[in-house]
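[1] below are the sequence and a predicted model for it; my questions follow.
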Amino acid sequence: MTCIVGLVHEGRVYIGGDSAGVSGLDLNVRRDQKVSVKSGFAFGFTTSFRMGQLIQYAFEPPKRHPEKDLMAYMVTDFVDALRSCLKAGGFARKDSEVEQGGSFLVGHAGRLFAIHGDYQVAEATCGYDAVGCGEGYAKGALFATAKHTPADRIDMALAAAESHSAGVRGPFHTVSV
């Protein structure tokens, strides 16, 4: 289910998402959005609406000390606070002593990160990324539309994913920080 796309353009991060809620072969186009902005962070989630709701309504990104490298902050302080929030909200899972969360994109301070189910933090060198079942289609569209505006690139990437993936549906929503 889902396609979340993000890109960095002139110091701003744009994140867009679709509206599909998928369970097996069932599709429900949802009113609640998969993208949000909170405390200077832009978020776009896949995996679970529960996880996204916790990020949007319960998660408080910890304050970053100016001297701390942004990647170091994301890998330590940010992920530690996220894990605590997901555990408290009943979402995080533990299997064979390995803790699992979900996947989402997060933009902050002009940079775009992907947080994966094992809580690893990834930052693509190309300035864009995508997660969800439409990821490959969206990345191809983002690559091919490099000369377009950020809003157009997000829309075209989501439209490409919707056109080729049964788990992606509009309407599309975009946020930026």
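    Here it is on my side, so go on.
[2] could you use CA atoms for every contact and neighbour count after this?
    Fine.
[3] what's the weakest-modelled helix or strand in the protein?
    Sorting the helices and strands of the chain by mean pLDDT, DSSP states H and E puts strand 93-95 at the bottom, at a mean of 75.
[4] and the contacts of that strand?
    With Cα atoms under 8 Å, 6 or more residues apart in numbering as the test, strand 93-95 has contacts from K87, E99, Q100, G101.
[5] now it, how far from the chain's geometric center?
    The chain centroid and the centroid of strand 93-95 are separated by 21 Å under Cα atoms, centre = their mean, to the nearest Å.
[6] any of the contacts of strand 93-95 buried? List them.
    Buried members of the contacts of strand 93-95, scored by 16 or more other Cα atoms under 10 Å, are Q100, G101.
[7] where is pLDDT lowest across the contacts of strand 93-95?
    On pLDDT alone, E99 ranks lowest of the contacts of strand 93-95, at 77.
[8] which residues does the strand or helix carrying that one contact?
    Assessed by DSSP states H and E, E99 sits inside strand 98-100. The contact list for strand 98-100, computed with Cα under 8 Å, 6+ apart, reads A92, R93, K94, G117, D118, Y119.
[9] tell me the one of those nearest F172?
    Closest approach between the contacts of strand 98-100 and F172, by Cα to Cα: G117, at 23.7 Å.
[10] and that closest one, what pLDDT?
    G117 is assigned a pLDDT of 92 by the prediction.
[11] distance of it from A151?
    28 Å (Cα to Cα, to the nearest Å).
[12] same list (the contacts of strand 93-95) but as CSV, adding distance to M51.
    Listed next are the contacts of strand 93-95 as CSV, based on distance: Cα to Cα, whole Å:
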residue, distance to M51
K87, 10
E99, 14
Q100, 12
G101, 8
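[13] ok, of the contacts of strand 93-95, which one's closest to G21?
    Nearest to G21 among the contacts of strand 93-95, with distances taken as Cα to Cα, is G101, at 18.1 Å.
[14] what residues are up against that closest one?
    Contacts for G101 (Cα under 8 Å, 6+ apart) come out as R83, L86, F91, A92, R93, H116, G117, D118, Y119.
[15] was I right about F41 contacting G107?
    Yes - here F41 lies in contact with G107, judged by Cα atoms under 8 Å, at a distance of 5.6 Å.
[16] shared neighbours, these two?
    Counting by Cα under 8 Å, 6+ apart, the common neighbours of F41 and G107 are V177.
[17] thinking again about what came up before, closest one to V168 out of the contacts of strand 93-95, please.
    Looking across the contacts of strand 93-95 and measuring by Cα to Cα, the closest to V168 is G101, at 21.3 Å.
[18] so where's this structure uncertain?
    Nowhere does the chain drop to pLDDT under 70.
[19] the protein: helices as residue ranges?
    For the chain, the helices defined by DSSP state H cover 49-57, 70-73, 79-88, 135-144, 150-164.
[20] kind regards, and thank you for your time.
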